[in-house]
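A.B. asks: how would this look folded up:
(chains A and B)
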Amino acid sequence: MTVELTGQEGLRPRARTPGDVLLLRWLATVDHKQIGIMYLMGAVFFFLIGGVEALLIRIQLAQPNATVLSPEVYNQIFTMHGTTMIFLAVMPLLAGFVNYFVPLMIGANDMAFPRLNAFSLWLFIFGGLLLNFSFLTGHAPDIGWFAYAPLTEQPYALSNGVNYWILGPLVASVGTILTALNVIVTILTMRAPGMTLTKVPLFVWMSLGQAILIIYAFPPLTASQAMLLLDRELGAHFFDPAAGGSPVLWQHLFWFFGHPEVYIMILPAWGMISELIPVFSRKPIFGYPFVAASTVAIVFLSMTVWAHHMFAVGMGDLADGFFAAASFSIAVPTGVKVWNWIFTMIGGRLRFTTSMLFAIGFIAMFVMGGLTGVMVAVVPFDQQVTDTYFLVAHFHYVLFGGSLLAILAGAYYWFPKMTGRLLDERLGKWHFWTTLIGFNMTFFPMHILGIIGMPRRVYTYPNLPGWGEINLFETLGTFLLTISVLIFLWNLWHSLRNGEVAGDDPWDAWTLEWATTSPPPPHNFDHVPPVRSRRPLWDLKHPEDPDWRHGE
Amino acid sequence: MRVGRKGLMHRRRRWGAIALIVAAGLLAWPATVGAEANPMFDPQSGRARAVVDLTWVVLFFVALVFIIAEGLLIFALVRYRHRGEAGEPRQTFGNRRLEITWTAIPIVILIFVFILTVRAMRVIAAPPAGGDALNVTLIGHQWWWEYRYPDLGIVTANELHIPAGKTVHLQLESADVIHDFWVPQLGRKMDVVPGKINSIYVQSDNPGVFDGACAEYCGTQHAWMRIKVIADSPADFDQWVQAQKATGAQPASPDALAGRGIFLSSAGNCASCHTINGTANLANVGPDLTHVGSRTTIGAGVLTNTSDNMARWLTNPQQVKPGNLMPDLRLTPDEVRALTAYLESLK
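C.D. replies: As a prediction, the model looks like this:
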């Protein structure tokens, strides 16, 4: 890759060393690829912090009546684990791939607003650092990631932890909103000639859906966080029941953001799966219009389901019933996708690369998370298991078994495009199996724990029958997951230096990012191939049987 | 070492079988542990049973879809793995009819489940026939429960006594933050929200003791905000009511007498938070202690109520339940012994 700084030379009094230039090249960049990589590096950094927090949680819970962590510290750790993984790991991991690959996949030379893009990145980095700075003040937030009022109000939370919880994610959220605008404009205005909206790759399609949801869902979060800050610091009473405010209002505002957020964290992941499964099955996606249309349905339906997080609040049967019905409806377009992916494989010739293994693992685990999702929409069942470990199991099957496995599949798939080298497949297979087994050991038993009565967010628990054994077993699973993460980090480090050289198109794939070099030049393409179907590179490679001849 | 293609396949298959058995074992093991003591699936009233009946139906459909989806996935992996064939497979783009079918079938199932859901919700929320219910007001505090029986004039803490076979109309209020009342064997949980009065019907058809816990994160000691519901036979319940209505027992031993002195003195400082009926004070910051000796646990479940444990608690409650709102009063061992004797005498 050759990137030259221009116009800056006059500012520098001394001779530049290569190190200077390299660092500046990254810090001052407005290139969507470098920004994408920095999103990924920042997200991995915060993911490791969140992972250590998870490990601490599991060590504390390995035994009943344990005293490894004090209740105060435990409550800070679980709050920071959730907040970090959601705002600083999963979302920026997705943002990294979206930044890097949306312009490439539509044949553009960058995002629509490159400097805005860089601004968003740095808001994420500094928002994340601001949140974590709270550890250095001696009191990180200890209010849970959804921060229910009035526990967050002055009489109950006197330290500054809550303020860091407000301001850190708030700063990062502004970046998220700006990126969403950038993605929307990029996709709508910068597609290669011939690439109509019905021909964009599904990853791009789902990234568009995600961006629209972000524009819809994040401002309410930002507003409610600002209201909470007013309550705490300027004596407002939005959520303070003693002065006529409403704690339930906070829950409505938060979940109005919080449920679309779940889809924000999974849509691009679905997009990745919808790209890789076809390539490694050697067949086009089964039912592109259905997958695309169901995404639109999900974007709209996800705006109507937020209060299914509140079935225990006492909203009454009418409201509970409405949100149950809405939640059932969203299960349909979600389920449809699973069948589309499986039927893409049927009739194909499957290549079990590490990337494909993670994609298969994603489908297998996401089915589980989706089905328990339907279960918790059944109001009376939810009124038993909500706020228990069953819920913890459910959303980890969606976010870890779903989003994160898809992200890892995407990492193995696109690492060669980003670096020019393939990740090691042997290490990759070790990574996959330790992840899959460790994940299920950690999270499957949580379903049982919840059903037998263990509430979530407890720093310890009484020695009731089965509780100690199941918790210990989960902790062992977490150790296996730790090993899997270390294998992956080693694989990244090792392959970056010594990996097999990938070439432009190692997977014999069909979307435009594979039509340029690995890594791509700063302007992305010397020449964008003609786009006449959803698989422009298939058309090039198979002039005897191009997709457009099938009307696809 | 080179292995023939057939040998490799054979070995692969054996490994696959072993992996499947291990995986099934791993998944089944917590389920068998859970089956030994599973309160949600041991419902004690019609309302709780409605949840379990509905859950079985939902589990049936969930298991069905799970088996079909994972089965198809495994079928695809085994049947369509690349075995070295040259060229690309036939390119197919979808099948409209199939896709409409797999959209329509879940819709039908979900409508059916929704109807059952609404029916169960109505059973759970229905008032008892004839409207005959015992009124109890629950007040959630950081990190203990207060129970008031307005019709009986009783105030107690952390252990809820109810008469078996009779519906209890439980009104839920909070003194501070959001808590949640959850006793799985008795049915649904309900949030305890400041500024909002919720209520549920609770019943146990037979006598028994049922464990529960606060289910909404409420701060430092959320973990030790356990619930115990004791369903007494009607005769036992009446006896309990009579005992609770009595004022606190007069101290009988010299130790207990000294204990009462400390309790009421400004040095002990106990009475600025706790009430003992029959004494002069009516503070309502901490749990009512009028009959604390009759309760089975201390600190909302953190200790069983024995003399040793009471002494441990009084010596330093912050060591037993860190962060709870009772300060370390720095009592001397003699004071602890006297107070313990007094409190344990309050049956």
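A.B. asks: grab the most central residue of the chain for me.
C.D. replies: I went with chain A, as the question did not name one. A:Val90 (3.0 Å; Cα atoms, centre = their mean).
A.B. asks: I was thinking of chain B, sorry if that wasn't clear
C.D. replies: B:Gly212 (3.0 Å).
A.B. asks: show me the beta-bridge partners of it.
C.D. replies: Note on B:Gly212: beta-bridge partners by DSSP bridges are B:Ile227.
A.B. asks: list the residues that contact it.
C.D. replies: A:453, B:181-184, B:186, B:226-229 (Cβ atoms under 8 Å, 6 or more residues apart in numbering or on different chains). (Glycine included, C-beta is placed from N, CA and C.)
A.B. asks: in CSV: those residues, plus neighbour count.
C.D. replies: Formatted as CSV, the contacts of B:Gly212 follow (neighbours: other Cβ atoms under 10 Å in any protein chain shown):
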residue, neighbour count
A:Gly453, 27
B:Phe181, 27
B:Trp182, 27
B:Val183, 23
B:Pro184, 27
B:Leu186, 28
B:Arg226, 23
B:Ile227, 22
B:Lys228, 20
B:Val229, 23
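A.B. asks: closest one to A:Val501 out of those residues, please.
C.D. replies: A:Gly453 (55.5 Å; Cβ to Cβ).
A.B. asks: return the distance of the closest one relative to chain B.
C.D. replies: Applying Cβ to the nearest Cβ, to the nearest Å, the value for A:Gly453 to chain B is 5 Å.
A.B. asks: can I get the contacts of B:Gly212 in JSON lines including distance to B:Gly293 and pLDDT?
C.D. replies: Listed next are the contacts of B:Gly212 as JSON lines, based on distance: Cβ to Cβ, whole Å; pLDDT from 0 to 100:
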{"residue": "A:Gly453", "distance to B:Gly293": "28", "pLDDT": "93"}
{"residue": "B:Phe181", "distance to B:Gly293": "25", "pLDDT": "97"}
{"residue": "B:Trp182", "distance to B:Gly293": "27", "pLDDT": "97"}
{"residue": "B:Val183", "distance to B:Gly293": "24", "pLDDT": "96"}
{"residue": "B:Pro184", "distance to B:Gly293": "29", "pLDDT": "95"}
{"residue": "B:Leu186", "distance to B:Gly293": "26", "pLDDT": "95"}
{"residue": "B:Arg226", "distance to B:Gly293": "19", "pLDDT": "96"}
{"residue": "B:Ile227", "distance to B:Gly293": "20", "pLDDT": "97"}
{"residue": "B:Lys228", "distance to B:Gly293": "16", "pLDDT": "96"}
{"residue": "B:Val229", "distance to B:Gly293": "20", "pLDDT": "97"}
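A.B. asks: tell me the two of those residues that are most distant?
C.D. replies: Maximum distance among the contacts of B:Gly212 (Cβ to Cβ): 14.5 Å, for B:Leu186 and B:Arg226.
A.B. asks: run a quick neighbour tally on the one residue in chain A that gets nearest to chain B.
C.D. replies: Closest to chain B within chain A is A:Pro241: 3.0 Å, counting by Cβ to the nearest Cβ. Counted with other Cβ atoms under 10 Å in any protein chain shown, the neighbours of A:Pro241 add up to 21.
A.B. asks: pretty sure it sits against A:Pro247.
C.D. replies: Yes - contact criterion Cβ atoms under 8 Å: A:Pro241 and A:Pro247 qualify, at 5.9 Å.
A.B. asks: overlap in contacts, the two.
C.D. replies: A:150, B:193-196.
A.B. asks: from A:Gly316, how far off is B:Ala125?
C.D. replies: B:Ala125 sits 9 Å away from A:Gly316, going by Cβ to Cβ, to the nearest Å.
A.B. asks: ok, A:Ala192 next?
C.D. replies: Counting by Cβ to Cβ, the gap from A:Ala192 to A:Gly316 is 53 Å.
A.B. asks: re the thing from before, per-residue confidence at the residue of chain A closest to chain B?
C.D. replies: A:Pro241 is assigned 92 on the pLDDT scale.
A.B. asks: cool, the one 4 residues further on as well?
C.D. replies: Among the per-residue scores, A:Gly245 holds a pLDDT of 94.
A.B. asks: follow-up on the earlier one: more neighbours: which of B:Ala125 and A:Gly316?
C.D. replies: Counting neighbours by other Cβ under 10 Å for B:Ala125 and for A:Gly316 shows that B:Ala125 has the greater number, 16 against 10.
A.B. asks: element containing the residue in chain B positioned nearest to chain A?
C.D. replies: Proximity of chain B to chain A (Cβ to the nearest Cβ) peaks at B:Gly195, 3.0 Å away. Applying DSSP states H and E as the criterion places B:Gly195 outside every helix and strand.
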